[in-house]
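K.L.:
Provided below for reference: sequence and predicted model.
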Amino acid sequence: TYTQHNPRAQHDAIPICYFRGFSDDGQRLVVFSDSDRTSRLYDLSGTELASFGGEFRSFSDDGQRLVAFSDSDRTSRLYDLSGTELASFEGYFLGFSDDGQRLVAFSRSDDTNRLYDLSGTELASFEGEFRSFSDDGQRLVAYSSSDRTSQVSTLNSSNIFARFQADDVAFSDDGQRLVAFSDSDDTTRLYDLSGAELASFGGELRGFSDDGQRLVASSLSDDTTRLYDLSGTELASFEGYFRGFSDDGQRLVTFSRSDDTNRVYDLSGTELASFEGEFRSFSDDGQRLVTFSRSDRTNRLYDLSGKELASFEGRFGGFSDDGQRLVATISDEDISRIYGADGSLLAEHPGSVYDTQNRIRTDESLGFTPDGEHIFTITNDGFLHLWQLDDGLDDLLARGCDWVRPYLQANPEEERADFCRE
């Protein structure tokens, strides 16, 4: 059940089940009900805007349409936001092309991907399970479990023009190369689009640098991360498993299970700082990070020199978009707390930003809404709650005055709330 919270409506319950996601503008959300296999679109006041047969899969890039999949007939359908069906597609929706004008659906009955335009016309078909489009939208990668190969095909002909003996293949950011990883020899390989091997790298690809000229691979065999240029030359090595680049791309974080420690390095391999616990996230400005210690169940906020700025209990659930607040859940008490960047407690709300009972079917945190003005939690009784965040006492008083305004208008002699009339 979903409950929207504000001063005017504290417990208006709407019978829906599983949260699926927000629209890109953060003003609408989708939920899915198992009981009638229907997705519903709501605004943030809790008003139902439309319903759609099947389980929500994605909004279109322009935010004006969405795709839902029905397991009863194994069909994906495209809807406008009023709930009108625009087209249907055989199989399970896997993704839109980058230009938003085509989509791919996969049918397990014949192990085939099909490419459609948005009117529902089939344009091409491809063997195997779809992995990704190239950035230019002219090619795609599919994986065949029968022979454990990945194939690259052109969208205009369905012709396979390259095949790789690899478990996973993806395009580089510029779309001009392919990266393939093989479990059998713990090696990542770089190919051009003709299938010619350009370089190989020990370990599993973890990410490209922002300029696309370097890549990071981590090997579990020696708990080491390595930075390579695209010729395969090793530039630096780092203890632990790669967890992420800083936003400026000049530093990276690794985590070593041997001593339960995070380390921050520059790209030459020089260790800049170390932090106890498991790395959770960088702040949006890249100047702080959060770690979690299992020994005392505590999160700690550090700057990149290793100085501890604040600590707070619970399971970290993310930063607000402005980086000035963060949320953590205390699972034993079924509550979530909002903290300032200095560790001060700003608010406490019932419920968790994580669904430990798998009612949401996502590993991601609920937490802050895209507009940064609300927080989403789920309580142990199965209710989803949307809470409005306060920007300090002035904001709270203003909303309180708004709540009692009808009473004050009907009772102008009331003296206890003169500040609402100022």
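P.N.:
Looks like it came in fine.
K.L.:
all contacts plus neighbour counts: C-alpha atoms, from now on.
P.N.:
Fine.
K.L.:
residue ranges with poor pLDDT in the stretch 201-350 of the chain?
P.N.:
Applying pLDDT under 70 to the stretch 201-350 of the chain flags no residue at all.
K.L.:
give me the neighbour count for the residue nearest to residue 257 when sequence neighbours are not counted.
P.N.:
Nearest non-adjacent residue to residue 257, counting by Cα to Cα, 6 or more residues apart in numbering: residue 240, 7.3 Å away. Counted with other Cα atoms under 10 Å, residues neighbouring residue 240 total 25.
K.L.:
which residues does residue 240 contact?
P.N.:
218, 223, 224, 225, 254, 255, 256, 257, 262 (Cα atoms under 8 Å, 6 or more residues apart in numbering).
K.L.:
one more time with 7 Å, if that's ok
P.N.:
Applying Cα atoms under 7 Å, 6 or more residues apart in numbering, we find residue 240 in contact with 223, 224, 225, 254, 255, 256.
K.L.:
nearest to residue 345, of the residues you listed?
P.N.:
residue 255 (28.4 Å; Cα to Cα).
K.L.:
and the gap between the nearest residue to that closest one once chain neighbours are set aside and residue 276?
P.N.:
Nearest non-adjacent residue to residue 255, counting by Cα to Cα, 6+ apart: residue 262, 4.4 Å away. As judged by Cα to Cα, to the nearest Å, residue 262 and residue 276 stand 6 Å apart.
K.L.:
who's more crowded, these two?
P.N.:
Shown here are residue 262 and residue 276; by other Cα under 10 Å, residue 262 has more neighbours (25 against 18).
K.L.:
you'd agree that one is up against residue 273?
P.N.:
No: with contact defined as Cα atoms under 7 Å, residue 262 does not reach residue 273; the gap is 8.4 Å.
K.L.:
ok so, going back, what's the host helix or strand of the residue nearest to residue 255 packed up against?
P.N.:
Element membership of residue 262, judged by DSSP states H and E, is strand 261-266. Here strand 261-266 touches strand 251-256, strand 271-276, strand 278-282, going by 3 or more Cα pairs under 7 Å, 6 or more residues apart in numbering; DSSP states H and E.
K.L.:
could you give the angle of the second one to strand 261-266?
P.N.:
Yep, that's strand 271-276 we're talking about. 160 degrees (axes from the mean of the first three to the mean of the last three Cα atoms, to 10 degrees).
K.L.:
the first one now?
P.N.:
Here the directions of strand 251-256 and strand 261-266 differ by 150 degrees (the same axes, to 10 degrees).
K.L.:
begin at 21, not 1, for the rest of this chat.
P.N.:
Happy to do that; since the first residue is 21 now, the last one works out to strand 271-276.
K.L.:
give me the distance between strand 271-276 and the centre of its chain.
P.N.:
21 Å (Cα atoms, centre = their mean, to the nearest Å).
K.L.:
could you do the second one as well?
P.N.:
Chain-centre distance of strand 291-296: 26 Å, with Cα atoms, centre = their mean.
K.L.:
okay, now the sheet partners of it, with direction.
P.N.:
Using DSSP bridges, the strands paired with strand 291-296 are strand 281-286 (antiparallel).
K.L.:
ok, and what's touching the strand it pairs with?
P.N.:
Contacts for strand 281-286 (Cα under 7 Å, 6+ apart): 270-276, 291-299.
K.L.:
list the contacts of residue 153.
P.N.:
Per Cα under 7 Å, 6+ apart, neighbours of residue 153: 117, 159, 160, 161.
K.L.:
change it to 8 Å
P.N.:
117, 118, 159, 160, 161, 191.
K.L.:
how about a markdown table for the residues you listed, with secondary structure, pLDDT and neighbour count added?
P.N.:
Listed next are the contacts of residue 153 as a markdown table, based on DSSP: H, G, I helix; E, B strand; the rest coil; pLDDT from 0 to 100; neighbours: other Cα atoms under 10 Å:
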| residue | secondary structure | pLDDT | neighbour count |
| --- | --- | --- | --- |
| 117 | coil | 83 | 23 |
| 118 | coil | 77 | 15 |
| 159 | strand | 78 | 23 |
| 160 | strand | 80 | 23 |
| 161 | strand | 80 | 25 |
| 191 | strand | 78 | 24 |
